[in-house]
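S.K.: test case, fold it:
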Amino acid sequence: MNRIYLDNAATTPLDPLVLDAMMPYLTSHFGNPSSIYSYGRESRLAIENARKSVAKILNAHPAEIFFTSGGTESSNTAITAAVRDLGCKHIISSPIEHHATLHTVEHLYHTGEAALSYVKILPNGHVDMDDLAQLLAHSEEKCLVTLMHANNEIGNMLDIHAVGELCKKHQAIFHSDTVQTVGHFPFDLRNTPVHFITGAGHKFHGPKGVGLLYINENVRIKPFVHGGSQERNMRAGTENLYGIVGFAKALELATENHDKDSAYMQSLKLYMKHELEKHIKGVNFNGDPEGRSLYTVLSVSFPKTEKSEMLLFNLDINHICASGGSACTSGADAGSHVIRAINNNPNQVTVRFSFSKHNTTEEIDQTINLLKEMI
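M.R.: Numbers count the residues shown, from 1 in each chain. Okay, here's the model as predicted:
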């Protein structure tokens, strides 16, 4: 039986055209981008062309684009720099951030480098904007606001412009983890009030191990990784040449086909939601699935029974890949901090299904038939 892959928010398959673009840099064009002879200059040119291409797509300046090892490194760099270099002594974040953000802000809090507040989350998974305004208004210290653009587990989307304007009003620094949205939504960074955003190639059919950090040109920070003068003295270490080339190519392809692909994935998501409602009693959905939400993610809570407790394992045995995320903790699955924050119901089993342009309605039908048997 063929595998049905419904975990695209975790990672996506590499697009064959992206692999084609990367191949020369894995074989003949292997020069070190820091070397001065022609082999090195070829590699340097490939990186700078990738930077220009990414900047153009995001409507940023090439000097604002830095390549990293992924979203985690990008968020660590931005958050740490905001505290150490930009004088932010109070961090405002949310309880449903990705661990790359949560663990970083907790670390800075535990080392005594910054105070830490969490904005309230509404029952539908959205950030309570009134609470955010209060936190900013009452802070004595300069703030860093770090809030994700779209949640990787429930799909809820932040109004990045509204948050940015609020930060502007209170002279706060704004970092947004945009890992789930770069490559999935159009960006216009020249007209978005944000200081730092992040990206990861493997979320939109690019390679793993390569990411993006956008640093607004009005912000001056020190490097997080020290050593050589790569990435304009901002990130030491020989560049991930073929990764960077792949990242840019994947972003170009995602942008070219955005309208068609996003409409298709949205239709799959809504189809699955309606089929589940039709066939499975007591099914619930987390977040705001038909409102401000990622078209790639559907977070589903099933009633907990002896059968449904083993849901992920049984899906796996039947060659269906999805990810967990229940409020409770069982065995290897430590439970989900996101689900606990918005829907702390121990009598439900949560599964995240996430879609790509390669999924089909037939796959969703097969999955639902299996779920009917299992529940």
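S.K.: show me where this structure has helices.
M.R.: Ranges of helices in the chain, per DSSP state H, are 16-26, 38-58, 71-84, 99-110, 129-138, 160-169, 230-233, 241-256, 258-279, 311-317, 337-342, 361-374.
S.K.: mind putting these in TSV, mean pLDDT, mean neighbour count and distance to T296 included?
M.R.: (Glycine included, C-beta is placed from N, CA and C.) Shown next, in TSV, are the helices of the chain (pLDDT from 0 to 100; neighbours: other C-beta atoms under 10 Å; distance: least, C-beta to C-beta, whole Å):
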stretch	mean pLDDT	mean neighbour count	distance to T296
helix 16-26	98	16	18
helix 38-58	97	18	19
helix 71-84	98	24	15
helix 99-110	98	18	19
helix 129-138	98	16	24
helix 160-169	98	17	17
helix 230-233	96	15	29
helix 241-256	98	24	12
helix 258-279	98	16	6
helix 311-317	92	17	18
helix 337-342	92	22	16
helix 361-374	95	15	14
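S.K.: of all those, which one is nearest R220?
M.R.: Closest to R220 of the helices of the chain, according to C-beta to C-beta: helix 71-84, at 9.3 Å.
S.K.: now do the closest one: distance to the chain's middle.
M.R.: On the basis of C-alpha atoms, centre = their mean, to the nearest Å, helix 71-84 sits 15 Å off its chain's mean C-alpha point.
S.K.: please apply the same query to stretch 99-108.
M.R.: 15 Å.
S.K.: ditto for stretch 136-156
M.R.: How far stretch 136-156 lies from its chain's middle: 15 Å, per C-alpha atoms, centre = their mean.
S.K.: so which of the helices of the chain is nearest L294?
M.R.: Nearest to L294, of those and by C-beta to C-beta, is helix 258-279 at 8.5 Å.
S.K.: M22 contacts P207, doesn't it?
M.R.: Yes: between M22 and P207 a contact is recorded at 6.8 Å, counting by C-beta atoms under 8 Å.
S.K.: what touches both of those two?
M.R.: 242-243, 246 (C-beta atoms under 8 Å, 6 or more residues apart in numbering).
S.K.: so the nearest residue to G201 once chain neighbours are set aside versus T178, what's the distance?
M.R.: Leaving aside its chain neighbours, G201 sits nearest to F247 (4.1 Å; criterion: C-beta to C-beta, 6 or more residues apart in numbering). In this view, F247 and T178 are 14 Å apart by C-beta to C-beta, to the nearest Å.
S.K.: which among the helices of the chain is found nearest to L147?
M.R.: Nearest of the helices of the chain (C-beta to C-beta): helix 160-169, 6.0 Å.
S.K.: what distance separates that closest one from the centre of its chain?
M.R.: 20 Å.
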